[in-house]
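>>> sequence? don't have it. structure:
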């Protein structure tokens, strides 16, 4: 079993917390940030398990294995 360190983005939306993993495009939500992150972890594990079973995990290998990951915020004008 491989272990990966993934990135999570969390934000509040409509009274719940949304969580998203940009490396694999999986998202979830929860009543608190901790619950949103726990649900995201479960969703990511299921996604990776299914991707492996379907032979799709090779496409995401560079993002999963990268030791250098960064998060930041930035502004845009509408």
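On my side now, so go ahead. Please read these numbers as outputs of a predicted model, since none were measured by experiment. Residues are numbered from 1 along each chain as shown.
>>> now do the contacts for residue 9.
Applying C-beta atoms under 8 Å, 6 or more residues apart in numbering to residue 9 gives the contacts 19-22, 71. No exception for glycine: its C-beta is placed from N, CA and C like everyone else's.
>>> mind doing that once more with 7 Å?
Under the criterion of C-beta atoms under 7 Å, 6 or more residues apart in numbering, the contact list for residue 9 reads 20, 22.
>>> hey, what's it bridged with?
Beta-bridge partners of residue 9, counted by DSSP bridges, are residue 20.
>>> tell me the pLDDT at it?
In this prediction, residue 9 carries a pLDDT score of 95.
>>> so it versus residue 56, what's the distance?
23 Å (C-beta to C-beta, to the nearest Å).
>>> same question for residue 37.
When distances are taken as C-beta to C-beta, residue 37 and residue 56 turn out to be 24 Å apart.
>>> out of those two, which sits in the more crowded spot?
A count of neighbours by other C-beta atoms under 10 Å puts residue 37 above the other of residue 37 and residue 56, at 16 against 12.
>>> all strands of this protein, in order?
Listed in chain order, the strands found in the chain under DSSP state E are 9-13, 16-21, 26-30.
>>> quick one: closest of those strands to residue 65.
When the strands of the chain are compared for distance to residue 65 using C-beta to C-beta, the nearest one is strand 16-21, at 14.7 Å.
>>> can you list contacts of the closest one?
Contacts with strand 16-21, where a contact means C-beta under 7 Å, 6+ apart, come from 6-11, 27-33, 36-37, 39-40, 44.
>>> for that strand, which positions count as buried?
17-21 (16 or more other C-beta atoms under 10 Å).
>>> that concludes my questions; thank you for your assistance.
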